[in-house]
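Novice: got a structure for you, letters missing:
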Ligand SMILES: Nc1ncnc2c1ncn2[C@@H]1O[C@H](COP(=O)(O)OP(=O)(O)OP(=O)(O)O)[C@@H](O)[C@H]1O
Ligand SMILES: [Mg+2]
């Protein structure tokens, strides 16, 4: 086994939207044949269906339960869910909870990610429901090899949906292969298409679908394997010796083993590398953004990033990204009271009015945009909710000092605008300033990938409304 395959599994997905074409029979028996052909190779099988065929075939006695497919989807590492089953095959028990869980799986890439972190060695075979639901989509996306059993024209027509799905998602269709199944060898035709298998293959090729070289015949012996007094399902390997189907499964198994051996990097490994690179990229951008932050409170000059003596309430950034940083909650509330709400006296920190202002601010984004009018520089002030809906607007004159001649103090609005929007020569840049609420405990989290994207979305909506 290639080193990569010791913890990055090679995935074979068996899928078709058509019911009763032999998917589960194929998935389970293939696992047994692969294991028989290559004893050292770990082989695992599980199903997204709730028929428990996998369990009926592989369960041994009543071992202690170790979780099931639902746990896999809920992020338990796959390797911790492997049950040692009959015939040396590992399995992950089926679950009845998948219908409910499905709603929480939104991305078609979830299973690929889970496999890449699963540490499951060798080959994993995934049996799917006769349905192109989100779990099937995930199983298709994660697969190195997809086998689509077709038994007749309707099931062949149905393949189109899988191929279309790959087209829509821009995925390589190379992994998709059809396998004629449940072929009745007694049916013969005149002309070039001698039998069902040849006919199906011709139709498949005509539609641009790749077909495996082998096929699986219909056999009454195989059909009888899941009906017996024990309630178990018997495998073809041990209970249908000497049949054509036995021979065909062995052939299919050898072919897939060859493919597996020729694969140096299974998709789960590539996906893992991609995730790691993506993670590194995210961290890098986060640290780049963090180093760009102005370290001290704009109003009082106290450090906010390194030593956190005061809680930060808002992240600020200009529309041209020339300045960004954090604002301390106390300073910012005082600023809102004096400069914006123009209250003439400062309220103590526990004053109810002050607390209400603080609370409203935590749910709001604020934009400031300088504008010239005939008599001087004005600042447009806008309040937005976090989805970008504008809740209020007001214009203020921009003055360097507040108060009368005798009680001259620097005007906090002037401080805010000047420290963030002043250009090289002192004039104000053609940009706006946006203040965005942050988590008081972890204000830097706003710079992490998802939150930062959220902030940028809001900034874009605000920009559209300020022009
Ligand atoms: N080679 C075969 N010869 C005869 N019968 C077979 C063969 N393979 C599978 N069957 C039978 O066909 C029926 C359907 O098979 P299976 O359950 O594997 O199909 P499926 O595609 O998984 O169905 P579903 O879509 O309902 O999950 C079963 O009764 C099974 O025993
Ligand atoms: Mg099935």
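Specialist: Nice, thanks for sending it over. All values derive from a computational prediction rather than experimental measurement. Ligands and ions are numbered 1, 2, ... in the order given.
Novice: Pull up the residues of this structure that are close to ligand 2.
Specialist: For the chain, the contact set with ligand 2 under C-beta under 5 Å from the ion comprises 23, 24. Using the backbone N, CA and C atoms, a C-beta is placed for each residue, glycine as well.
Novice: From the contact counts, what lies against the longest helix along the chain?
Specialist: In the chain, assigned by DSSP state H, the helix with the most residues is helix 267-292. Applying 3 or more C-beta pairs under 8 Å, 6 or more residues apart in numbering; DSSP states H and E, one finds that helix 267-292 contacts strand 10-14, helix 110-116, helix 134-142, helix 449-466.
Novice: got the angle for that helix vs helix 449-466?
Specialist: 60 degrees (axes from the mean of the first three to the mean of the last three C-alpha atoms, to 10 degrees).
Novice: After helix 267-292, which helix or strand is next?
Specialist: Downstream of helix 267-292, the next assigned helix or strand under DSSP states H and E is strand 312-318.
Novice: Give me the distance from that following strand to the chain's centre.
Specialist: Centroid separation between strand 312-318 and its chain, computed with C-alpha atoms, centre = their mean, to the nearest Å, is 29 Å.
Novice: partners of it in the sheet?
Specialist: The strands beside strand 312-318 in its sheet (DSSP bridges) come out as strand 324-328 (antiparallel), strand 433-437 (antiparallel).
Novice: tell me the mean pLDDT over it?
Specialist: On average, the pLDDT along strand 312-318 is 94.
Novice: related to what we said a few turns ago, closest to residue 362 out of the helices and strands packed on helix 267-292?
Specialist: Residue 362 lies closest, by C-beta to C-beta, to one member of these: helix 449-466, at 14.8 Å.
Novice: buried set for that closest one?
Specialist: Residues of helix 449-466 classed as buried by neighbour count (16 or more other C-beta atoms under 10 Å): 451, 452, 455, 458, 459, 461, 462, 463, 466.
Novice: Of these, which is the nearest to ligand 1?
Specialist: residue 451 (42.4 Å; C-beta to the nearest ligand atom).
Novice: In contact with the residue of the stretch 1-150 of the chain found nearest ligand 2, which residues are there?
Specialist: Proximity of the stretch 1-150 of the chain to ligand 2 (C-beta to the ion) peaks at residue 24, 3.2 Å away. By C-beta atoms under 8 Å, 6 or more residues apart in numbering, residue 24 lies in contact with 14, 47, 49, 51, 53, 54, 127.
Novice: for the stretch 151-300 of the chain, which spans come out with low pLDDT?
Specialist: Within the stretch 151-300 of the chain, no stretch has pLDDT under 70.
Novice: Strands along that one, start to end?
Specialist: 176-180 (DSSP state E, counting those that start in this stretch).
Novice: Distance of whatever residue of it ends up closest to ligand 2 relative to ligand 1?
Specialist: Ligand 2 sits closest to residue 226 of the stretch 151-300 of the chain, with a gap of 11.0 Å, by C-beta to the ion. Computed as C-beta to the nearest ligand atom, to the nearest Å, the residue 226 to ligand 1 distance reads 5 Å.
Novice: Kindly report the same for residue 202.
Specialist: Residue 202 sits 21 Å away from ligand 1, going by C-beta to the nearest ligand atom.
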